[in-house]
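Peer 1: Everything below, folded, please.
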Amino acid sequence: MQKIVFLDRASIIANIRRPAVAHQWQDYSVTSADQTVERLKDATVAITNKVQLQREILDQLPGLKMVAIAATGTNNVDLECCRERGIVVSNIRNYSVHTVPEHVFMMVLALRRNLVAFRADVQNGAWQKSEQFCLLTHPVRDLYGSTLGIMGHGAIGKSVEQIALAFGMKVLLAEHKGAAVVRQGYTAFDEVLRASDVITLHLPLNEQTRHLISTAEFARMKPDAILINTARGGLVDEAALLEALRSGRLGGAGFDVLGKEPPKEGNALLNVNLPNFILTPHNAWSGRAAMQTLADQLIDNIEAFTAGKPQNRVA
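Peer 2: Sure, this is the predicted structure:
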(Lines give C-alpha, C1' and ligand atoms only; values in the text may rest on other atoms or scores of the structure.)
Protein backbone atom coordinates (compact mmCIF):
# COMPACT_ATOMS: atom_id res chain seq x y z
CA MET A 1 0.00 0.00 0.00
CA GLN A 2 1.30 3.43 -0.95
CA LYS A 3 1.33 6.25 1.58
CA ILE A 4 0.88 9.43 -0.44
CA VAL A 5 1.59 12.81 1.14
CA PHE A 6 0.79 16.07 -0.67
CA LEU A 7 2.91 18.78 0.93
CA ASP A 8 1.28 21.91 -0.54
CA ARG A 9 -2.28 21.05 -1.57
CA ALA A 10 -3.42 24.69 -1.37
CA SER A 11 -1.32 25.49 -4.44
CA ILE A 12 -3.75 23.60 -6.70
CA ILE A 13 -7.35 24.78 -7.07
CA ALA A 14 -8.88 21.70 -8.67
CA ASN A 15 -10.70 18.47 -7.96
CA ILE A 16 -7.96 15.93 -7.23
CA ARG A 17 -9.30 12.41 -7.54
CA ARG A 18 -7.86 9.70 -5.36
CA PRO A 19 -5.59 7.19 -7.13
CA ALA A 20 -7.17 3.89 -8.16
CA VAL A 21 -4.60 1.95 -6.15
CA ALA A 22 -4.40 0.79 -2.54
CA HIS A 23 -3.17 3.80 -0.63
CA GLN A 24 -3.31 6.09 2.35
CA TRP A 25 -3.69 9.78 1.53
CA GLN A 26 -2.57 12.75 3.56
CA ASP A 27 -2.46 16.32 2.38
CA TYR A 28 -1.37 19.58 3.95
CA SER A 29 -2.31 23.05 2.76
CA VAL A 30 1.27 24.27 3.09
CA THR A 31 4.49 22.79 4.44
CA SER A 32 7.50 24.70 5.75
CA ALA A 33 11.08 23.49 5.43
CA ASP A 34 11.24 22.37 9.06
CA GLN A 35 8.05 20.32 8.70
CA THR A 36 8.99 18.40 5.56
CA VAL A 37 10.89 15.44 7.00
CA GLU A 38 8.35 14.78 9.75
CA ARG A 39 5.45 14.83 7.31
CA LEU A 40 7.19 12.51 4.85
CA LYS A 41 8.78 10.10 7.34
CA ASP A 42 6.41 7.21 6.43
CA ALA A 43 5.59 8.29 2.88
CA THR A 44 6.32 6.21 -0.20
CA VAL A 45 5.05 8.93 -2.55
CA ALA A 46 5.61 12.66 -1.97
CA ILE A 47 3.65 15.24 -3.93
CA THR A 48 5.21 18.68 -4.10
CA ASN A 49 4.49 21.73 -6.13
CA LYS A 50 7.17 24.06 -4.75
CA VAL A 51 8.27 22.53 -1.43
CA GLN A 52 12.02 21.89 -1.58
CA LEU A 53 13.19 18.27 -1.58
CA GLN A 54 16.95 18.58 -1.60
CA ARG A 55 19.57 16.00 -0.62
CA GLU A 56 19.57 16.87 3.08
CA ILE A 57 15.83 16.16 3.16
CA LEU A 58 15.84 13.10 0.91
CA ASP A 59 18.64 11.43 2.88
CA GLN A 60 16.30 11.32 5.88
CA LEU A 61 13.53 9.53 3.97
CA PRO A 62 14.63 5.94 3.33
CA GLY A 63 11.11 4.76 2.50
CA LEU A 64 10.44 7.32 -0.23
CA LYS A 65 9.97 5.69 -3.63
CA MET A 66 8.47 8.45 -5.78
CA VAL A 67 8.31 12.22 -5.98
CA ALA A 68 5.32 13.45 -7.97
CA ILE A 69 5.95 17.09 -8.88
CA ALA A 70 2.70 18.99 -9.27
CA ALA A 71 4.30 21.32 -11.81
CA THR A 72 6.57 21.25 -14.85
CA GLY A 73 9.61 22.85 -13.23
CA THR A 74 11.91 20.50 -11.34
CA ASN A 75 14.43 22.85 -9.72
CA ASN A 76 12.90 22.32 -6.25
CA VAL A 77 13.87 18.61 -6.28
CA ASP A 78 17.42 17.22 -6.20
CA LEU A 79 17.18 14.98 -9.27
CA GLU A 80 20.74 13.69 -8.97
CA CYS A 81 20.10 12.48 -5.44
CA CYS A 82 16.85 10.84 -6.55
CA ARG A 83 18.67 8.99 -9.32
CA GLU A 84 21.29 7.78 -6.85
CA ARG A 85 18.60 6.61 -4.47
CA GLY A 86 16.39 5.05 -7.13
CA ILE A 87 13.54 7.45 -6.40
CA VAL A 88 11.28 7.94 -9.41
CA VAL A 89 10.49 11.58 -10.15
CA SER A 90 7.68 12.54 -12.54
CA ASN A 91 6.51 16.00 -13.49
CA ILE A 92 3.55 17.51 -15.33
CA ARG A 93 3.71 18.13 -19.08
CA ASN A 94 1.90 20.50 -21.41
CA TYR A 95 -0.93 21.44 -19.05
CA SER A 96 -0.46 25.21 -19.36
CA VAL A 97 -0.12 25.50 -23.14
CA HIS A 98 -3.09 27.86 -23.33
CA THR A 99 -3.16 29.72 -20.03
CA VAL A 100 0.51 30.84 -19.97
CA PRO A 101 0.52 32.10 -23.59
CA GLU A 102 -2.66 34.06 -22.88
CA HIS A 103 -0.93 35.67 -19.90
CA VAL A 104 2.08 36.44 -22.09
CA PHE A 105 -0.04 38.30 -24.61
CA MET A 106 -2.04 40.06 -21.91
CA MET A 107 1.23 41.66 -20.81
CA VAL A 108 2.58 42.17 -24.33
CA LEU A 109 -0.55 44.02 -25.43
CA ALA A 110 -0.70 46.10 -22.24
CA LEU A 111 2.94 47.17 -22.64
CA ARG A 112 3.00 47.71 -26.39
CA ARG A 113 -0.16 49.84 -26.19
CA ASN A 114 0.77 51.58 -22.93
CA LEU A 115 -2.39 50.45 -21.15
CA VAL A 116 -1.14 51.20 -17.63
CA ALA A 117 0.03 54.70 -18.54
CA PHE A 118 -3.22 55.61 -20.31
CA ARG A 119 -5.28 54.26 -17.42
CA ALA A 120 -3.30 56.46 -15.04
CA ASP A 121 -3.86 59.49 -17.31
CA VAL A 122 -7.62 58.95 -17.23
CA GLN A 123 -7.61 58.52 -13.47
CA ASN A 124 -5.55 61.71 -13.11
CA GLY A 125 -7.96 63.71 -15.24
CA ALA A 126 -5.72 64.22 -18.28
CA TRP A 127 -8.35 63.08 -20.80
CA GLN A 128 -10.96 65.32 -19.24
CA LYS A 129 -8.67 68.32 -19.80
CA SER A 130 -7.80 67.40 -23.38
CA GLU A 131 -8.58 69.89 -26.14
CA GLN A 132 -9.43 67.10 -28.57
CA PHE A 133 -11.44 63.89 -28.47
CA CYS A 134 -8.47 61.60 -27.84
CA LEU A 135 -5.42 61.51 -25.66
CA LEU A 136 -2.08 60.81 -27.34
CA THR A 137 0.28 61.14 -24.42
CA HIS A 138 2.07 57.81 -24.95
CA PRO A 139 3.16 55.84 -28.01
CA VAL A 140 0.92 52.98 -29.13
CA ARG A 141 2.73 50.21 -30.96
CA ASP A 142 0.84 47.54 -32.88
CA LEU A 143 1.80 43.88 -32.75
CA TYR A 144 1.20 43.45 -36.48
CA GLY A 145 4.50 43.60 -38.33
CA SER A 146 6.61 43.58 -35.18
CA THR A 147 9.13 40.87 -34.28
CA LEU A 148 8.79 38.42 -31.42
CA GLY A 149 11.83 36.53 -30.17
CA ILE A 150 11.02 33.27 -28.41
CA MET A 151 13.63 31.72 -26.12
CA GLY A 152 12.51 28.17 -25.46
CA HIS A 153 10.44 26.36 -28.08
CA GLY A 154 8.73 23.65 -26.08
CA ALA A 155 4.96 23.23 -25.87
CA ILE A 156 4.37 26.69 -24.39
CA GLY A 157 6.82 28.37 -26.76
CA LYS A 158 5.07 26.75 -29.72
CA SER A 159 1.69 27.95 -28.48
CA VAL A 160 3.06 31.49 -28.07
CA GLU A 161 4.37 31.28 -31.63
CA GLN A 162 0.92 30.36 -32.98
CA ILE A 163 -0.71 33.33 -31.27
CA ALA A 164 2.03 35.67 -32.48
CA LEU A 165 1.58 34.54 -36.06
CA ALA A 166 -2.17 35.13 -35.75
CA PHE A 167 -1.40 38.72 -34.74
CA GLY A 168 0.76 39.08 -37.85
CA MET A 169 4.06 39.15 -35.98
CA LYS A 170 7.35 37.89 -37.32
CA VAL A 171 8.70 35.15 -35.06
CA LEU A 172 12.36 34.37 -34.37
CA LEU A 173 13.26 31.20 -32.47
CA ALA A 174 16.42 31.75 -30.46
CA GLU A 175 19.27 29.28 -30.66
CA HIS A 176 21.00 28.36 -27.40
CA LYS A 177 23.20 31.10 -26.04
CA GLY A 178 26.77 30.64 -27.21
CA ALA A 179 25.92 27.79 -29.60
CA ALA A 180 28.56 27.19 -32.26
CA VAL A 181 25.98 26.01 -34.80
CA VAL A 182 22.55 27.50 -35.48
CA ARG A 183 19.93 24.85 -36.17
CA GLN A 184 17.66 25.11 -39.17
CA GLY A 185 14.65 27.23 -38.34
CA TYR A 186 16.43 28.99 -35.49
CA THR A 187 18.22 32.34 -35.23
CA ALA A 188 21.45 33.07 -33.38
CA PHE A 189 20.86 34.19 -29.80
CA ASP A 190 22.52 37.60 -30.20
CA GLU A 191 20.61 38.29 -33.43
CA VAL A 192 17.33 37.61 -31.63
CA LEU A 193 18.36 40.14 -28.99
CA ARG A 194 19.12 42.75 -31.65
CA ALA A 195 16.14 42.20 -33.92
CA SER A 196 13.23 41.58 -31.55
CA ASP A 197 10.62 44.11 -30.48
CA VAL A 198 9.40 41.66 -27.86
CA ILE A 199 11.33 38.79 -26.25
CA THR A 200 9.57 36.10 -24.24
CA LEU A 201 11.25 33.43 -22.11
CA HIS A 202 10.01 29.82 -21.88
CA LEU A 203 12.99 27.94 -20.48
CA PRO A 204 13.74 25.81 -17.43
CA LEU A 205 16.06 27.23 -14.79
CA ASN A 206 19.39 25.45 -14.54
CA GLU A 207 23.07 26.35 -14.40
CA GLN A 208 23.13 26.98 -18.16
CA THR A 209 20.14 29.34 -18.14
CA ARG A 210 20.63 31.21 -14.86
CA HIS A 211 20.96 34.94 -15.62
CA LEU A 212 20.54 34.20 -19.30
CA ILE A 213 19.58 37.86 -19.63
CA SER A 214 21.80 40.37 -17.84
CA THR A 215 23.53 43.70 -18.48
CA ALA A 216 25.28 42.64 -21.70
CA GLU A 217 22.06 41.25 -23.17
CA PHE A 218 20.06 44.37 -22.32
CA ALA A 219 22.74 46.43 -24.08
CA ARG A 220 22.16 44.45 -27.29
CA MET A 221 18.38 44.82 -27.25
CA LYS A 222 16.42 47.60 -28.93
CA PRO A 223 15.88 50.50 -26.51
CA ASP A 224 12.10 50.18 -26.91
CA ALA A 225 12.04 46.37 -26.70
CA ILE A 226 9.88 44.52 -24.20
CA LEU A 227 10.98 41.52 -22.15
CA ILE A 228 8.40 38.99 -20.90
CA ASN A 229 9.25 36.32 -18.33
CA THR A 230 6.59 33.81 -17.28
CA ALA A 231 9.08 30.98 -16.77
CA ARG A 232 11.50 31.33 -13.84
CA GLY A 233 12.80 34.43 -12.07
CA GLY A 234 16.42 33.31 -12.11
CA LEU A 235 16.56 33.46 -15.91
CA VAL A 236 17.01 37.23 -15.64
CA ASP A 237 19.48 39.17 -13.53
CA GLU A 238 17.03 41.25 -11.52
CA ALA A 239 19.54 43.96 -10.65
CA ALA A 240 20.36 44.40 -14.34
CA LEU A 241 16.64 44.48 -15.19
CA LEU A 242 16.02 47.17 -12.60
CA GLU A 243 18.86 49.29 -13.99
CA ALA A 244 17.65 48.83 -17.58
CA LEU A 245 14.13 49.95 -16.63
CA ARG A 246 15.20 52.94 -14.57
CA SER A 247 17.76 54.14 -17.11
CA GLY A 248 15.31 53.83 -20.02
CA ARG A 249 17.55 51.24 -21.68
CA LEU A 250 14.59 48.85 -21.91
CA GLY A 251 11.18 49.71 -23.32
CA GLY A 252 9.30 47.65 -20.77
CA ALA A 253 8.99 44.32 -19.01
CA GLY A 254 6.24 41.96 -17.93
CA PHE A 255 7.22 39.46 -15.22
CA ASP A 256 5.21 36.73 -13.53
CA VAL A 257 8.15 35.35 -11.59
CA LEU A 258 10.87 36.44 -9.17
CA GLY A 259 14.12 34.83 -8.10
CA LYS A 260 12.72 33.98 -4.67
CA GLU A 261 9.03 33.30 -4.13
CA PRO A 262 7.06 34.34 -2.23
CA PRO A 263 9.12 37.53 -1.79
CA LYS A 264 8.63 37.70 1.98
CA GLU A 265 12.02 39.33 2.46
CA GLY A 266 11.28 41.91 -0.20
CA ASN A 267 12.56 42.42 -3.72
CA ALA A 268 13.51 45.66 -5.44
CA LEU A 269 11.17 44.86 -8.33
CA LEU A 270 8.20 45.02 -5.96
CA ASN A 271 8.85 48.74 -5.58
CA VAL A 272 9.11 49.60 -9.27
CA ASN A 273 6.33 52.09 -9.90
CA LEU A 274 6.71 52.54 -13.65
CA PRO A 275 3.95 52.28 -16.26
CA ASN A 276 6.19 50.10 -18.44
CA PHE A 277 6.68 47.37 -15.82
CA ILE A 278 4.04 44.79 -14.95
CA LEU A 279 4.59 42.26 -12.17
CA THR A 280 2.07 39.50 -11.49
CA PRO A 281 2.31 36.98 -8.61
CA HIS A 282 3.35 33.78 -10.45
CA ASN A 283 -0.18 33.03 -11.58
CA ALA A 284 0.20 32.79 -15.36
CA TRP A 285 -0.15 29.01 -15.09
CA SER A 286 -3.26 29.09 -12.92
CA GLY A 287 -6.18 29.11 -15.33
CA ARG A 288 -8.83 26.83 -13.81
CA ALA A 289 -8.93 24.47 -16.79
CA ALA A 290 -5.13 24.22 -16.73
CA MET A 291 -5.07 23.39 -13.03
CA GLN A 292 -7.62 20.63 -13.52
CA THR A 293 -5.51 19.16 -16.32
CA LEU A 294 -2.51 19.31 -13.98
CA ALA A 295 -4.43 17.57 -11.18
CA ASP A 296 -5.62 14.78 -13.48
CA GLN A 297 -2.13 14.18 -14.86
CA LEU A 298 -0.64 14.22 -11.36
CA ILE A 299 -2.77 11.24 -10.36
CA ASP A 300 -2.13 9.56 -13.72
CA ASN A 301 1.59 9.76 -12.91
CA ILE A 302 1.13 8.14 -9.51
CA GLU A 303 -1.05 5.37 -10.92
CA ALA A 304 1.48 4.69 -13.68
CA PHE A 305 4.29 4.47 -11.11
CA THR A 306 2.30 2.05 -8.96
CA ALA A 307 1.62 -0.11 -12.02
CA GLY A 308 5.37 -0.33 -12.64
CA LYS A 309 5.24 1.84 -15.76
CA PRO A 310 6.36 5.33 -14.66
CA GLN A 311 5.53 8.14 -17.06
CA ASN A 312 6.75 11.73 -17.44
CA ARG A 313 9.97 10.77 -15.70
CA VAL A 314 12.68 13.30 -15.09
CA ALA A 315 14.62 10.99 -12.76
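
Peer 1: okay, now Ile302: neighbour count?
Peer 2: Residues lying near Ile302 (other C-beta atoms under 10 Å) number 23. The C-beta positions use only the backbone N, C-alpha and C, and glycine is treated the same way.

Peer 1: And Tyr144, by the same measure?
Peer 2: Neighbour tally, Tyr144, other C-beta under 10 Å: 9.

Peer 1: who's in contact with it?
Peer 2: Tyr144 makes contact with Phe167, Gly168, Met169, according to C-beta atoms under 8 Å, 6 or more residues apart in numbering.

Peer 1: Now list the buried members of these.
Peer 2: The neighbour count (16 or more other C-beta atoms under 10 Å) marks Met169 as buried among those.

Peer 1: quick one: the spatially most central residue of the chain and His153, what's the gap?
Peer 2: Centroid-nearest residue in the chain, with C-alpha atoms, centre = their mean: Ala231, separated by 2.4 Å. Distance, Ala231 to His153, by C-beta to C-beta, to the nearest Å: 13 Å.

Peer 1: Same check on Leu201?
Peer 2: 11 Å.

Peer 1: now do Phe105
Peer 2: For Phe105, the distance to His153 - C-beta to C-beta - is 17 Å.

Peer 1: Of those two, which one has the most company?
Peer 2: Remark: of Phe105 and His153, Phe105 carries more neighbours, 21 against 17, as counted by other C-beta under 10 Å.

Peer 1: does the residue nearest to the more buried one when sequence neighbours are not counted sit in a helix, a strand or a coil?
Peer 2: Counting by C-beta to C-beta, 6 or more residues apart in numbering, Phe105 lies nearest to Ile163, which is 5.8 Å off, once chain neighbours are set aside. The three-state assignment at Ile163 reads helix, by DSSP: H, G, I helix; E, B strand; the rest coil.

Peer 1: Based on its surroundings, how many neighbours for Ile163?
Peer 2: Neighbour number of Ile163 under other C-beta under 10 Å is 18.

Peer 1: returning to what we had before: can you pull the contacts of the residue nearest to the centre of the chain?
Peer 2: So Ala231 contacts Gly152, Leu201, His202, Leu203, Pro204, Leu205, Val257 (C-beta under 8 Å, 6+ apart).

Peer 1: The fifth one contacts Arg232, correct?
Peer 2: Yes - taking C-beta atoms under 8 Å as the definition, Pro204 is a contact partner of Arg232 at 7.0 Å.

Peer 1: Mind jotting down where the strands sit in the chain?
Peer 2: 2-6, 23-27, 45-48, 66-69, 88-90, 147-151, 170-173, 198-201, 226-229, 252-255, 277-279 (DSSP state E).

Peer 1: possible to save those as CSV with mean neighbour count, distance to Val77 and mean pLDDT?
Peer 2: Below are these laid out as CSV (neighbours: other C-beta atoms under 10 Å; distance: least, C-beta to C-beta, whole Å; pLDDT from 0 to 100):
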stretch, mean neighbour count, distance to Val77, mean pLDDT
strand 2-6, 21, 14, 98
strand 23-27, 15, 18, 98
strand 45-48, 26, 7, 98
strand 66-69, 25, 6, 98
strand 88-90, 22, 6, 98
strand 147-151, 24, 24, 99
strand 170-173, 18, 29, 98
strand 198-201, 26, 21, 99
strand 226-229, 26, 22, 98
strand 252-255, 25, 24, 98
strand 277-279, 19, 26, 98
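
Peer 1: Which strand residues bridge Gly149?
Peer 2: Here Gly149 shows beta-bridge partners Leu172, Ile199, assigned using DSSP bridges.
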